[in-house]
Structure formats: structure tokens, C-alpha cells
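Participant: following is a predicted model, sequence given first.
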Amino acid sequence: MSPARRTRLAGFLGRGPVLVCRYGGEGEPPPSPLPGNAVFLELEELIRGERPAFDGEPGYAQAMVVVPGVLRLRALVPHAHLIPSVPRLSVLIEAFLGPGSPVPAFPASLPGPELLDFRGRVLPCGGRLVEFVFDGPAPTAEVLAGVARGALGGRRGAPPLPVGRALGPDAGVWRPGEPFRAPVEPLDLTLLTGAGTRNDDVRSPHLARPAGAELSWGSVGRAGTDIAPLRSLTVGDVPPVDERVVNPVGFVRGCSSVVGRLVCREGRWVLVAGGRERWRVPDDGSVTDVDVAAVRDLRAVRVEWGRHSGPLAAVRAVAALAVAGVPVVSSGVPVWAGCLGGSLVGLMGSVSVAGLADAQVREEFSVRLRRAALGSHSVAARWRGSAVRAGVGPVPVASVSVVLCTRRPEMVGFALRQVGRQRGVDVEVVLALHGFGAGVPGVREAVEGFRASGGRLVVWEAPGEWVFGAVLNGAVARASGSLVAKMDDDDWYGPDHLSDLVWARRYSGADLVGTAAEFVYLEALDVTVRLAQPTECAWHTAAGGTLFTDRRTLEEAGGFPEVRTGEDTRLNLAIGRMGGRIHRGHGGNYVLRRKASGHTWRVGSGYFLKHGGERPLPGWRPSALLEAGPGEGPPGARRTDPWTAGEEPARRAPAEAAR
């Protein structure tokens with residue numbers, strides 16, 4: 001029993017009839033001794049229909065909701081309308097790994113009763129308790145949704161999913177963090193997530209999804225069970241991973257030499273590392289943020305597929321670890337686990353544990369693995385796929401406007417090639433020619449070539465006397481995308497630079513995302529320096545050439561500060577001061593070019609050599625994630641591939657498997 005459950009709840013509860021609800025602790029004893037005025041309820045019983053609804057029962061003066069962590073809280077939100085409305089509501093999160101806030105904030109306004117008081121406290125066990133007092137009964141579902149959003153940080157949370165709802169006992173798994181709502185649009189999509197789940201009011205496109213009980217497949221853990229029906233399952237039949245909770249945030253380059261093993265023992269999947277059991281996988285295969293934190297120090301996790309081993313638990317656990325960026329390897333995947341998806345299965349077998357001893361190889365493998373898993377097993381991917389299968393789609397991909405401002409006509413062609421390499425996003429380029437026209441030799445040819453390749457391009461000739469910040473704002477005003485990315489004219493970008501930022505914005509919930517300037521090419525010295533930079537974390541700044549946000553956040557921050565230099569640093573500060581959150585992702589997609597002169601950030605090569613966390617490498621040495629071809633490097637540089645002949649198989653195989 002956890003320390004939180006040993007806490008006496010009597011001190012948290014007031015007078016009058018009290019309802020204590022728990023979600024996610026079924027099978028364990030009730031929380032510590034309750035006062036005589038309290039009624040205890042396992043919410044799973046209510047969701048499954050094993051207990052009558054609260055209609056007609058006497059009203060409660062207070063309700064307390066107890067959950068083991070944020071993952072279960074988000075899974076509860078779609079079912080929270082089953083809990084009666086009360087004027088006083090408490091939420092106890094027993095294990096909390098929030099992004100820095102001591103207590104979950106409550107950012108949403110509520111319809112109906114006025115909020116009179118809100119308090120939050122950190123408990124000795126590390127959990128969080130939040131309490132609300134209203135001037136009348138408040139909608140529990142909306143309050144819990146607000147707590148779930150606030151617990152994950154950010155001002156607005158993740159971008160919305162396709163319009164839809166989920167019904168049934170597993171609604172919280174398929175549509176976590178969002179309260180139940182009736183359809184409001186003709187293209188609304190409904191997922192029926194349980195055996196016999198019915199709703200006579202469903203007139204919109206709908207799909208039936210297997211229930212968790214059907215997909216737990218516990219009987220498969222017994223010898224002699226027929227697993228043939230499982231071979232027909234697809235990725236879309238597997239409950240998704242909640243990427244707002246389980247994600248790459250917290251990934252670290254440094255790790256131990258210990259390799260974890262995901263094995264099946266006595267019909268249960270367990271993760272063993274260093275001679276001890278780190279955690280047991282539940283029957284439904286769910287993995288929490290606390291579970292992921294317990295294995296961040298491992299070099300890798302090797303999956304040892306058993307002949308009879310409970311497929312759902314295995315598939316969901318592997319998918320969750322991959323979404324979180326934990327390096328997962330396997331020498332072979334059984335046929336019934338093919339619902340992991342071909343790209344993920346191929347990557348897991350593409351590299352050896354020995355090959356992951358190199359920190360950079362390990363990080364590059366982690367990035368490729370998380371891309372494949374997010375694209376197949378995240379909530380966003382599952383709903384996009386379901387919309388297409390129901391005939392609602394195709395759901396459009398993210399629309400990104402890249403603002404590209406330059407004073408150098410000779411760099412226009414290079415800069416447009418970097419944008420043209422981007423994949424997985426719908427890109428529009430706003431090219432601001434600062435102080436020169438589109439008819440300058442070399443510029444016209446570059447513009448025509450970009451358009452001939454199918455690229456969308458807006459060209460604007462900005463006045464030469466304008467400061468750089470004003471030119472950026474002018475470019476943003478001419479952009480049509482809801483998302484805005486700033487790219488520089490002389491830096492290198494990998495083909496997944498923008499798509500990785502789109503995912504980072506979703507799983508982090510941050511208002512501004514970007515990357516660290518980890519790789520720096522010093523042109524005067526012809527060396528590459530890798531700076532020691534924290535990544536995949538909330539940070540106070542991101543590299544100016546990688547800033548990525550939405551138009552609303554940019555407008556609320558007042559746009560780019562209209563200054564000659566330092567506009568990116570000041571924008572970072574402005575977003576932080578208005579309560580926004582900045583997330584800094586991995587730096588493998590980006591190489592900062594430093595020439596001898598001509599930069600607005602006026603620091604010399606010595607600055608980068610001093611702060612380099614690793615030995616400078618001769619020539620141009622980008623990450624393999626840049627996928628740089630023979631003509632991508634700087635002219636005259638010593639072209640040293642990111643791998644040597646001995647490393648080539650270990651480092652190229654993951655890239656080839658991902659394609």
C-alpha cells in the first residue's frame with residue numbers, strides 16, 4: 001500500500017455526507033480509515049454498470065476523487081459525469097511527476113456556480129491534493145478535466161483532437177482527458193469501446209472498438225490457448241498511449257550500462273533490471289509516467305517474448321515505452337504482436353544492445369523509435385486513423401507557416417532547400433527579402449525552382465531600413481498557417497525538424513517549442529562542436545532558429561520584439577513572463593552555422609569551444625538524424641560522415657528501417 005493510502009483522509013474531509021471515489025486501485029483495500037460520514041466507491045464498478053447510478057440518491061456535501069497518478073486521472077475524465085455534482089470537490093493524486101508546478105493549476109473557467117476557494121498542497125508522500133469550493137453544485141467532469149490539463153503544464157494544453165467522443169467502459173483510454181459531450185457537429189465521430197456498448201442517439205459516423213476486457217487476453221497466458229484470432233488484429237485495434245502523460249519528456253543522454261528485460265513470469269509481464277523487479281505491467285498493459293521514470297537510467301529494454309504471454313499487456317507496454325523514447329529492442333516479434341505496426345517492429349530489431357553503448361547512437365535510435373510509436377500508437381494518431389476508417393477524414397495534417405527572413409541573396413536557394421526537405425507537415429514559406437528584390441540574380445531562380453517542386457511560397461520584399469524584429473512580424477502577418485515556425489537562412493535542418501516540433505508541441509502542451517543548438521559548425525576552424533544542453537524538458541529558452549508556436553500565443557506575447565538583434569531571446573522571455581511554457585526538444589535535427597562574422601549573436605568561436613560538452617570533431621559532423629546527402633555539407637569542409645566504417649551498420653540500419 002502506498003504512503004498516500006496510509007494517510008488518514010479524515011483530516012481532508014469536512015462535515016456532511018461525503019462521497020469518496022477511487023479510480024485505478026481496484027482490488028486493493030479502501031483508503032485509510034474513513035470518517036463515519038463518508039461513503040466509499042470504486043468507480044470501476046460504476047463505469048461497468050455493476051452499481052446503480054446516483055439518480056435519486058440524497059445529495060452529497062462533498063466528494064473526494066482518489067487516483068494513483070495523472071494517467072488514471074485523465075482516463076477518468078470521460079466518465080466523470082457519473083459522479084454527482086457537489087459544491088466541494090477534492091482531488092488526490094497519489095504520485096505526481098508534474099512539469100515543475102507544485103500543484104496542478106486550474107486554468108479553465110466553469111459554467112454555472114462561482115468558484116469561491118481553490119487550494120492546493122504537496123503531501124509528504126509526493127502526491128498532490130487540490131480542493132475546490134463553489135457556491136453551488138459544480139459539474140464534476142469539467143472540474144476534473146481542468147485539473148488534468150493543469151497537472152500537465154502549459155497554458156492551454158495540447159491541440160484538440162478530431163471532433164468526436166468515446167462511449168463505453170474504455171472511453172477514458174481512447175479519449176483521455178476530455179469530458180463526455182454530445183455530438184455538436186455533423187462530422188462528429190463516435191467510438192464504441194466496449195462489448196455491447198450502445199447508444200441509440202448515435203447518428204454520426206461511428207466505429208466499434210474492442211473493450212479492454214476483450215483485449216486483455218489473459219487466457220492466452222495459459223498453455224494450449226488458440227491465438228490464431230489475434231493475428232488479424234491491426235494497430236487500430238490496440239488502445240492508444242496517452243502521449244500527454246507518457247512521452248519523451250525526461251529523456252537523458254547519460255545512462256547506465258544496465259539493460260532491462262521485459263519478461264513474462266507466471267502469466268504476468270514484469271520489467272527486471274539490475275537483478276530486481278522495477279515494476280509489474282497491469283493486465284491492461286498500461287504504463288504510467290512513474291513507470292517510465294523508473295527505467296530512464298537503462299541503456300535499453302530487451303523484450304523477451306514468451307510463447308504464451310498475454311498479448312495486450314505486452315503490446316501496450318512496448319508501445320508506451322517506445323512513445324516515451326525508451327530504447328526497446330527485440331531479436332524477433334511473434335506474429336500475434338504484429339499489431340505493434342511494421343515500422344516499430346522493424347526498428348526494434350534493427351540495432352543491437354551493444355550498438356547502443358554509444359550515447360549518440362542511443363539517442364538517435366530513441367528519436368526514430370518515438371517517431372514511429374507516436375505516429376502509430378498515440379491518441380492523436382489513433383483518432384486520425386479512426387476518422388479515416390469511419391469516412392470522416394482524411395483529417396488534414398498540421399499546417400505550418402515558416403517565416404524565413406534574409407539579408408543575403410546568396411543564401412536564398414540554400415534556405416529554401418532546407419524547407420523543401422521537410423516531410424510529414426503541410427508547409428507554407430513566407431520569404432522576406434530584407435533590403436533587396438526578388439529579381440536579384442540567383443533569387444529568382446531559387447524561387448521558381450521551389451514553386452516548380454510544388455512548394456507553397458509567399459515572397460515579400462521588406463524595406464531595408466526596418467529592424468529584424470519588424471521584418472519577422474511582417475512575415476507572420478502574411479502567413480496563413482495556424483502554426484508558425486522561424487527558420488534561419490544559413491543553418492541546416494533535418495527532414496523531420498518541423499514534424500518533430502509538431503509532436504513536441506502536442507505531448508508537452510507547451511506554448512513555445514524549439515530545440516537546443518547542440519551541434520555547431522565553426523566554419524573558420526572547420527570543426528563541429530556539440531554543446532552540453534538539457535533537452536526534452538521545460539526550459540527558459542530555445543534556439544532562435546527553431547522557434548515554433550501558434551499564432552495566438554505569438555499575438556498574446558506582442559509578436560517578435562521590434563529590435564535589431566536579440567528578438568528571439570526577448571520573445572522567449574515574453575512568453576515566460578505571461579505564464580507560458582517553453583519546451584526544448586532534442587537537437588539532432590539542427591546544425592547551427594557560425595561564420596567568422598556577420599551574425600547578430602556576436603560571440604566568437606572560443607565561446608562554443610569553451611562550452612562544448614564533448615571533444616570538437618574535425619570537419620562537418622552532424623547527427624545521423626539530419627540525413628544529410630553528399631551535397632548538403634558546407635563547401636570546402638572536410639566531409640566526415642556521422643559514422644565511421646565500423647559504426648556504419650549500427651547507425652544506418654535504424655534509418656533504413658524507419659523508411
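Facilitator: Noted; the coordinates are in hand. Numbers count the residues shown, from 1 in each chain.

Participant: the longest strand in the protein is where?
Facilitator: strand 128-138 (DSSP state E).

Participant: spatially central residue for the chain, please.
Facilitator: Tyr507 (2.1 Å; Cα atoms, centre = their mean).

Participant: so it sits in a helix?
Facilitator: Yes. The assignment for Tyr507 (DSSP: H, G, I helix; E, B strand; the rest coil) places it in a helix.

Participant: tell me, how many residues neighbour the closest residue to it other than its chain neighbours?
Facilitator: Using Cβ to Cβ, 6 or more residues apart in numbering and skipping the chain neighbours, the partner closest in space to Tyr507 is Asn247 (3.8 Å). All C-beta spots, glycine's among them, are computed from the backbone N, C-alpha and C. Asn247 sits with 27 neighbouring residues when counted by other Cβ atoms under 10 Å.

Participant: return the distance of Asn247 relative to Trp503.
Facilitator: Note on Asn247: its distance to Trp503, by Cβ to Cβ, to the nearest Å, is 9 Å.

Participant: circling back to that earlier point, which strands or helices does the longest strand of the chain pack on?
Facilitator: strand 86-93, strand 115-122, helix 140-151 (3 or more Cβ pairs under 8 Å, 6 or more residues apart in numbering; DSSP states H and E).

Participant: need phi/psi at the residue lying closest to Ser90 once chain neighbours are set aside.
Facilitator: In space, and not counting its chain neighbours, Ser90 is closest to Met64: 4.3 Å by Cβ to Cβ, 6+ apart. With angles defined as degrees, to the nearest 10, Met64 sits at phi -120, psi 130.

Participant: so which bits of the helix or strand hosting Ala485 are buried?
Facilitator: Applying DSSP states H and E as the criterion places Ala485 in strand 483-486. Buried residues in strand 483-486, counted by 16 or more other Cβ atoms under 10 Å: 483-486.

Participant: now flag whichever of the residues you listed is closest to Ala141.
Facilitator: Leu483 (29.4 Å; Cβ to Cβ).

Participant: can you name the residues that contact the closest one?
Facilitator: Going by Cβ atoms under 8 Å, 6 or more residues apart in numbering, Leu483 touches 398-401, 502, 505, 548-551.

Participant: which of those residues ranks first by neighbour count?
Facilitator: Neighbour max across these (other Cβ under 10 Å) = Phe548, 26 neighbours.

Participant: dump the residue contacts of the nearest residue to it once chain neighbours are set aside.
Facilitator: Leaving aside its sequence neighbours, Phe548 sits nearest to Leu501 (Cβ to Cβ, 6+ apart; 4.3 Å). Neighbour list for Leu501: 485, 513-515, 546, 548, 585 [criterion: Cβ under 8 Å, 6+ apart].

Participant: C-terminal to the strand holding Ala485, what's the next element?
Facilitator: That would be, after strand 483-486 and using DSSP H and E, strand 492-493.

Participant: paired strands for the strand or helix carrying Val301, with orientation please.
Facilitator: Secondary structure from DSSP H and E places Val301 in strand 300-303. Strand 300-303 has the following strand partners under DSSP bridges: strand 259-265 (parallel), strand 328-329 (parallel).

Participant: using PDB, list the CA coordinates for the longest one.
Facilitator: In this case it means strand 259-265. This file holds the C-alpha atoms of strand 259-265, laid out as PDB (Å, rounded to 0.1, in the frame of the first residue of the first chain):
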ATOM      1  CA  VAL A 259      19.900  -3.500 -19.800                       C
ATOM      2  CA  GLY A 260      16.300  -4.100 -18.600                       C
ATOM      3  CA  ARG A 261      14.300  -7.200 -19.600                       C
ATOM      4  CA  LEU A 262      10.600  -7.200 -20.200                       C
ATOM      5  CA  VAL A 263       9.700 -10.800 -19.500                       C
ATOM      6  CA  CYS A 264       6.600 -12.900 -18.700                       C
ATOM      7  CA  ARG A 265       6.600 -14.600 -15.300                       C
END
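
Participant: next, the buried residues of it.
Facilitator: Buried residues in strand 259-265 (16+ other Cβ under 10 Å): 259-260, 262-264.

Participant: residue boundaries of the strands in the stretch 301-450 of the chain?
Facilitator: Secondary structure of the stretch 301-450 of the chain (DSSP state E, counting those that start in this stretch): strands at 328-329, 399-406, 426-434.

Participant: mind putting those into a markdown table with mean pLDDT?
Facilitator: Formatted as a markdown table, the strands of the stretch 301-450 of the chain follow (pLDDT from 0 to 100):
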| stretch | mean pLDDT |
| --- | --- |
| strand 328-329 | 96 |
| strand 399-406 | 96 |
| strand 426-434 | 97 |
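
Participant: which ones are touching the residue lying closest to Leu192 once chain neighbours are set aside?
Facilitator: In space, and not counting its chain neighbours, Leu192 is closest to Ala208: 4.7 Å by Cβ to Cβ, 6+ apart. By Cβ under 8 Å, 6+ apart, the contact set of Ala208 is 191-192, 197.

Participant: how close does Ala208 get to Gln533?
Facilitator: 47 Å.

Participant: same question, Glu42
Facilitator: Glu42 is 46 Å from Gln533, by Cβ to Cβ.

Participant: my guess is Gly285 contacts Ala337. True?
Facilitator: No. Gly285 is beyond contact range of Ala337, at 11.7 Å (criterion: Cβ atoms under 8 Å).

Participant: joint contacts of those two?
Facilitator: By Cβ under 8 Å, 6+ apart, the residues touching both Gly285 and Ala337 are 314-315.

Participant: between those two, which is the more surrounded one?
Facilitator: Gly285 (25 against 21).

Participant: how is that one assigned, secondary-structure-wise?
Facilitator: Applying three-state DSSP: Gly285 is coil.

Participant: centre of the chain versus stretch 547-567, how much separation?
Facilitator: 23 Å (Cα atoms, centre = their mean, to the nearest Å).

Participant: and that stretch, end to end?
Facilitator: End-to-end distance of stretch 547-567: 11 Å, with Cα to Cα, to the nearest Å as the criterion.

Participant: quick one: average confidence on it?
Facilitator: For stretch 547-567, mean pLDDT rounds to 93.

Participant: buried residues of that stretch, list them for me.
Facilitator: Result for stretch 547-567 [16+ other Cβ under 10 Å]: buried residues 547-551, 553-554, 556-557, 559-562, 567.

Participant: got the contact list for it?
Facilitator: By Cβ under 8 Å, 6+ apart, stretch 547-567 touches 155, 400, 467-470, 472-473, 476, 479, 481-486, 498, 501-502, 504-505, 511-514, 544, 568, 570-572, 574-575, 578, 580, 600-602.
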